[in-house]
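Novice: got a sequence here, can you model it:
(2 chains)
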Amino acid sequence: MMLYHPKPDRFNLSLTVNGEVVEREIVTHLRLLDFLRDELRLTGTKEVCGEGECGACTIIMDGKTVNSCLILAVEAHGHEIITIEGLANMDELTDLQRSFEDHHAVQCGYCIPGMVLTGEKLLDRNPHPTREEIKHELSGNICRCTGYHKIIDAIEHAGDTE
Amino acid sequence: MRYYSPASLKEFFKISSQCPNGQKTFLAGGTDLMPCYEQGTPLPDHLIDLKHLRDLHSISVTENTLIIGALTTIQDLHDHPLIQGEFVALYQATHEFAGAQIRHRGTIGGNICNASPAGDLLPPLYAFDAQLILTGPQAERHLPIHEFILGPGKTALLENEILTSISLNRKRLRSQFQKVGLRQSMAISVVNLACTWEEDEDGFSMLEIAAGAVAPTVLILNAFTRAYLENPKKLPKLLQLIDEAIAPIDDIRATANYRRMVLKNLIWAFLTK
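Specialist: So this is what the prediction gives:
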């Protein structure tokens, strides 16, 4: 849920989002999630639980997956953010995004931006993870369509030439 | 809400002393604070972000000690080769800690200062007898973790004092961490447990068990382990000493009786494996 403070204070925020420097004056109690969705209109980052349990708001900050609902925008000052919109190169999908399509890993789709970003960071570090390693990495991303098998298949076989 | 991000301890103490008590909060990883705010706890008037205190991020190793900066993230602890090699229970706790996103932000100092009875790093830190280094504007003091944590959310931190680092003796103890939750990950532990020990051909020569989520703070089960080391064959009877030591509660996750049973079963399984 968006945060409230009776005595709002303002802050000149500067950070890099999807490769571009962004500067905005914001209130200090604004969450990074709300900054991305409402100020920058990058609505690929989702809010579901709003308390760090579900991973729908996952973004990449300085190369690591984080929950953008648990970070104030001011904490991202000077940092580098990648959202789902910034992942693919121009109009071309990544191997993993294509693999999600090929494996029909998307049901309602709400958890998928977070799943894809978490999967990408795992594959960066470990290009051939076991199913157990994939499950461990995905433990902070919850899908309530119960579609985990196909999501795990998509990550396991990303980049496989068929 | 005023936001501050001091870059040095000197600057931190200056800012902190100017912010009225009761209206300021120190922010580390935010993984416990932000859910509180999102569930309705009012934000403070003054938020002091500690993350720019560079010196508090490092892990340093000497011949006999490992010193962990309080802002070290759970992931950085997990990835440190010496923790995996010599402090296995702590490594295992970081491995099973929440999910990747939380491990990337949550800090060891935050997990300690939050003083949750169920904090997963706490049983290993108790079992390894962690010493905490607390720094105030004038002086530094050292406290063992069991004297620092006083109850749920309560610590011995003084006004304007912060936890700066955690020191562990490199005693090369064997160790193990276990937890039981309602789900394998992303669930607060119903019971968590760390054991440290040394053994020779006759069995254990030293044994310490720290149990979490069964009392207001983590408990070291001294009476039980002392009696067990004297007479291991009496184990079934000695489990009663565990019952006498702990004071679990019924809550949304489990009943007190279930916690008693799970703890005794985990210890039984560990000692008879």
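
Novice: in chain B, which residue sits closest to chain A?
Specialist: When scored by CB to the nearest CB, chain B has B:Gly99 as its residue closest to chain A, at 1.9 Å. To be clear about C-beta, it is placed using only N, CA and C from the backbone, and glycine gets the same treatment.

Novice: residues contacting that residue?
Specialist: Taking CB atoms under 8 Å, 6 or more residues apart in numbering or on different chains as the criterion, B:Gly99 is in contact with A:Gly55, A:Leu138, A:Ser139, A:Gly140, A:Asn141, B:Ser185, B:Met186.

Novice: what's the pLDDT at the nearest residue in space to the first one that is not next to it in sequence?
Specialist: Which is A:Gly55. Counting by CB to CB, 6 or more residues apart in numbering or on different chains, A:Asn141 is the residue found nearest to A:Gly55 once chain neighbours are left out, at 3.5 Å. The predicted local distance difference test score for A:Asn141 is 97.

Novice: what about A:Asn141, how many residues nearby?
Specialist: Here the neighbour count serves as a burial measure; for A:Asn141 (other CB atoms under 10 Å in any protein chain shown) it reads 27.

Novice: that one and A:Glu53 touch, don't they?
Specialist: No - using CB atoms under 8 Å, A:Asn141 and A:Glu53 do not qualify as a contacting pair, with a distance of 10.1 Å.

Novice: quick check: nearest residue in space to residue 112, chain neighbours excluded?
Specialist: Just so you know, I chose chain A. Leaving aside its chain neighbours, A:Ile112 sits nearest to A:Val106 (5.2 Å; criterion: CB to CB, 6+ apart).

Novice: my bad, the chain I had in mind was chain B
Specialist: Sequence neighbours aside, B:Leu163 is the residue nearest to B:Ile112 in space, at 6.2 Å (criterion: CB to CB, 6+ apart).

Novice: which element is that neighbour on?
Specialist: Under the criterion of DSSP states H and E, B:Leu163 resides in strand B:162-169.

Novice: quick one: distance of the next helix or strand after that strand to the chain centre.
Specialist: Scanning forward in sequence from strand B:162-169, with DSSP H and E defining helices and strands, the next element found is strand B:174-180. Here the centre of strand B:174-180 is set off from its chain's centre by 13 Å, with CA atoms, centre = their mean, to the nearest Å.

Novice: what strands line up against the helix or strand following strand B:174-180, and which way round?
Specialist: Towards the C-terminus, the helix or strand next in line after strand B:174-180, according to DSSP H and E, is strand B:191-200. Taking DSSP bridges as the criterion, strand B:191-200 sits next to strand B:174-180 (antiparallel), strand B:203-212 (antiparallel) in its sheet.

Novice: buried ones in strand B:191-200, by neighbour count?
Specialist: Within strand B:191-200, the residues that qualify as buried are B:Val191, B:Asn192, B:Leu193, B:Ala194, B:Cys195, B:Thr196, B:Trp197, counting by 16 or more other CB atoms under 10 Å in any protein chain shown.

Novice: sorry, back to before: top of the contacts of B:Gly99 by neighbour count?
Specialist: Neighbour counts for these, by other CB under 10 Å, peak at A:Gly55, which reaches 29 neighbours.

Novice: what sits against that one?
Specialist: Contact partners of A:Gly55, counting by CB under 8 Å, 6+ apart, are A:Asn67, A:Cys111, A:Gly114, A:Met115, A:Thr118, A:Gly140, A:Asn141, A:Ile142, B:Gly99, B:Gln101.

Novice: next, A:Leu32: phi, psi?
Specialist: phi -60, psi -40 (degrees, to the nearest 10).

Novice: roughly how far apart are it and B:Asp250?
Specialist: With distances taken as CB to CB, to the nearest Å, A:Leu32 is found 37 Å from B:Asp250.

Novice: more neighbours: which of the two?
Specialist: Neighbours were counted for A:Leu32 and for B:Asp250 using other CB under 10 Å; A:Leu32 has more, 26 against 11.

Novice: excluding its backbone neighbours, what's nearest whatever residue of chain A ends up closest to chain B?
Specialist: Closest to chain B within chain A is A:Gly140: 1.9 Å, counting by CB to the nearest CB. Setting aside the residues directly before and after it, A:Gly140 is nearest to B:Gly99 in space (CB to CB, 6+ apart), at 1.9 Å.

Novice: what of B:Glu198?
Specialist: Taking CB to CB, 6+ apart, and ignoring the residues beside it in sequence, B:Glu198 has B:Met206 as its nearest neighbour in space, at 4.4 Å.

Novice: and that neighbour, how close does it get to B:Lys179?
Specialist: Distance, B:Met206 to B:Lys179, using CB to CB: 23 Å.

Novice: so for these two, which residue has more residues nearby?
Specialist: Higher neighbour count among B:Met206 and B:Lys179: B:Lys179, with 24 against 14, using other CB under 10 Å.

Novice: that one - nearest residue in space that isn't next to it in sequence?
Specialist: On the basis of CB to CB, 6+ apart, the spatially nearest residue to B:Lys179 that is not a chain neighbour turns out to be B:Asn192, at 4.0 Å.

Novice: and the angle for whichever strand or helix holds B:Asn257 with strand B:203-212?
Specialist: Element membership for B:Asn257 (DSSP H and E) is helix B:256-272. Going by axes from the mean of the first three to the mean of the last three CA atoms, to 10 degrees, helix B:256-272 is angled at 160 degrees with respect to strand B:203-212.

Novice: can you list contacts of helix B:256-272?
Specialist: Counting by CB under 8 Å, 6+ apart, helix B:256-272 makes contact with B:176, B:178, B:180, B:190-191, B:193, B:195, B:209, B:211, B:213-214, B:221, B:224, B:228, B:232, B:235, B:239, B:242-243, B:246, B:248-250, B:254, all of which sit outside it.

Novice: on that earlier part again, nearest to A:Tyr4 among the contacts of A:Gly55?
Specialist: Compare each of the contacts of A:Gly55 with A:Tyr4 using CB to CB and the shortest gap goes to A:Asn67, at 19.9 Å.
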